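Participant: what's the 3D shape of this:
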Amino acid sequence: MTIQRIMIVGQPGAGKSTLARALGARTGLPVIHIDKIHYRPGWIERPRPEKTLLCQEVEAQERWIFEGGHSATWPNRLSRAQMLIWVDLPVGLRLWRVLKRRAEYARSTRPDLPENCPERLDPAFLRWIWDTRATHRAKMQALFDEAEGKPRHRLRSQAQIDAFLAQPPEALPLGARLS
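Facilitator: Coordinates of the predicted model:
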C-alpha cells in the first residue's frame with residue numbers, strides 16, 4: 001500500500017511544518033498547514049465552524065500531508081489518515097525555536113502562514129506554550145494511542161526527525177512514491 005494521507009501533530013515549535021514540507025517534497029503529496037486554515041491574511045482568525053468545514057474538506061481528499069491542530073477534527077482526520085507522525089520535542093527546545101523563528105521571519109511571512117502574517121513575538125503565546133505543555137501533550141498521547149494498528153511514528157528529537165527523513169526511499173514507510 002502506498003501511503004497517500006499523513007497526519008502530523010505536535011506542539012508549537014516542534015517542527016511540524018518543516019517536516020511536512022520535507023515529506024511533501026519527497027512524496028509529491030500536497031501539504032496542508034493548519035495555520036493557513038486557522039488564519040486569513042493579516043492574522044485574522046477564522047470562526048471555528050469555518051475552520052472545521054475547511055479541515056473536513058481537506059480530510060475528504062484522497063492525498064494529503066496535513067500538519068497541525070484543530071483537535072475537534074482529529075478523530076475524522078485520524079480515521080482518514082494512513083499514517084500518524086507525532087513530533088514530540090521538549091518544551092525548552094520548542095520555545096527556543098519559536099524565538100528563533102521570530103528572528104528569522106521578523107519582516108516576512110513563513111511559508112506555512114497566509115500572506116500578510118509576519119512573524120510576531122507574543123508573550124501570551126509563549127506563556128500558552130508553557131502552560132499547555134502537559135495538557136496538549138496528553139491529548140497527543142491519546143491520539144497516538146488511538147492510532148494503534150496503522151503506521152505511527154513518535155519523533156522525540158531533531159536527530160530522530162533527521163534519521164526518519166534520511167532513510168532511503170525504499171525504507172521509509174511511505175510507499176514507492178518517494179524520489
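Participant: Specify the local secondary structure of residue 153.
Facilitator: Classification of residue 153 by DSSP: H, G, I helix; E, B strand; the rest coil places it in strand.
Participant: So it is in contact with residue 164, correct?
Facilitator: Yes - Residue 153 is in contact with residue 164 according to CB atoms under 8 Å; the separation is 6.5 Å. C-beta: built from backbone N, CA, C; applies to glycine.
Participant: I'd say residue 140 and residue 7 touch.
Facilitator: No - counting by CB under 8 Å, residue 7 is not a contact partner of residue 140; they are 11.1 Å apart.
Participant: Please identify which of these two sits among more neighbours.
Facilitator: Neighbour totals were compared for residue 140 and residue 7, and residue 7 leads with 25 against 21 (other CB atoms under 10 Å).
Participant: tell me the secondary structure for that one?
Facilitator: Three-state call for residue 7 (three-state DSSP): strand.
Participant: Enumerate the beta-bridge partners assigned to the residue most central in space within the chain.
Facilitator: With distances taken as CA atoms, centre = their mean, residue 67 lies nearest the centre of the chain, 2.8 Å away. For residue 67, the beta-bridge partners under DSSP bridges are residue 8, residue 33.
Participant: so how far is residue 66 from residue 8?
Facilitator: Separation of residue 8 from residue 66 (CB to CB, to the nearest Å) stands at 7 Å.
Participant: sorry, that was for residue 145
Facilitator: Distance from residue 145 to residue 66, by CB to CB: 19 Å.
Participant: and the two? which has more neighbours close in?
Facilitator: More neighbours surround residue 66 than the other of residue 145 and residue 66, with 26 against 9 (other CB under 10 Å).
Participant: thinking the more buried one is in contact with residue 4, fair?
Facilitator: No - with contact defined as CB under 8 Å, residue 66 does not reach residue 4; the gap is 11.6 Å.
Participant: which residues touch the residue nearest to residue 107 when sequence neighbours are not counted?
Facilitator: What sits nearest to residue 107 in space, not counting adjacent residues and going by CB to CB, 6 or more residues apart in numbering, is residue 118, at 6.3 Å. By CB atoms under 8 Å, 6 or more residues apart in numbering, residue 118 lies in contact with 105, 106, 107, 108, 109.
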